[in-house]
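Q: what's the 3D shape of this:
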Amino acid sequence: MNFGTKVYGTMGGLSNLTYSSNGKYLFGSGSDGKISTFDINTLKELHKNEHHNKEIYTLDICNNMLVTGGSDHTACIYTINDESGILTFDYYATRIDSNIYASSFSKDGKFVAISGED
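A: Modelled structure (predicted):
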C-alpha cells in the first residue's frame, strides 16, 4: 500500500475518489465539475469528463457504471467501456431542484439512489 503518491486531475483539487470495479482505473472529481480518469498503474490522466458545470459532491461506481451529482443540480450516470482498449463513456443526465449531495448504486447495479436538499 502506497500512501505517498500524489494524484492531480482537476483544478481546485480532488474531493472524491473511487476505483473502478475491475481495478484498472481511479476516478476523481472536484470543485471544477470535471471527472478525471487515471490509469491505476501509472496514475496518468487518461480522460476528463466535463458534463457538470459546478462542483461535484458525490461519486459512486458499480460494475461498469459511474454516478455523479453536484451543485449544478445534475446527476449523471456513465457507462464505462474499455473492451476495445479505448476508454469511452456514454452518459445519461437528469436534473432536480436542489444540489445533489449523495449517490449510491444498489449492490446488483439495477438501481441508483440520489439525495438532495429536499
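Q: what helix or strand does residue 17 sit in?
A: strand 14-19 (DSSP states H and E).
Q: in CSV, list the C-alpha atoms belonging to that strand.
A: Only the C-alpha atoms of strand 14-19 are listed here, as CSV (Å, rounded to 0.1, in the frame of the first residue of the first chain):
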residue,chain,number,x,y,z
LEU,A,14,-9.9,16.2,-6.0
SER,A,15,-12.6,15.8,-3.3
ASN,A,16,-14.0,12.4,-4.4
LEU,A,17,-12.1,9.2,-5.4
THR,A,18,-13.2,5.7,-6.3
TYR,A,19,-11.6,2.7,-8.0
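Q: as a whole number, average confidence for it?
A: On average, the pLDDT along strand 14-19 is 87.
Q: those helices in the protein, which residues are they?
A: In the chain, no helices are defined using DSSP state H.
Q: in it, what helix or strand scores lowest on average pLDDT?
A: Lowest mean confidence among the helices and strands of the chain (mean pLDDT, DSSP states H and E): strand 88-95, at a mean of 80.
Q: which strands or helices does that one pack on?
A: strand 45-49, strand 74-81 (3 or more CB pairs under 8 Å, 6 or more residues apart in numbering; DSSP states H and E). C-beta here means a position set from N, CA and C on the backbone, and glycine is covered the same way.
Q: parallel or antiparallel, which strands does the strand holding residue 17 pair with?
A: strand 25-30 (antiparallel) (DSSP bridges).
Q: list of residues touching the strand holding residue 17?
A: Contacts to strand 14-19, defined as CB atoms under 8 Å, 6 or more residues apart in numbering, come from residues 7-8, 25-31, 36, 40, 55-61, 66.
Q: ok, back up a step: out of the helices and strands packed on strand 88-95, the one nearest residue 106 is which?
A: Judged by CB to CB, the one of the helices and strands packed on strand 88-95 that comes nearest to residue 106 is strand 74-81, at 12.9 Å.
Q: now stretch 45-65: mean pLDDT?
A: 90.
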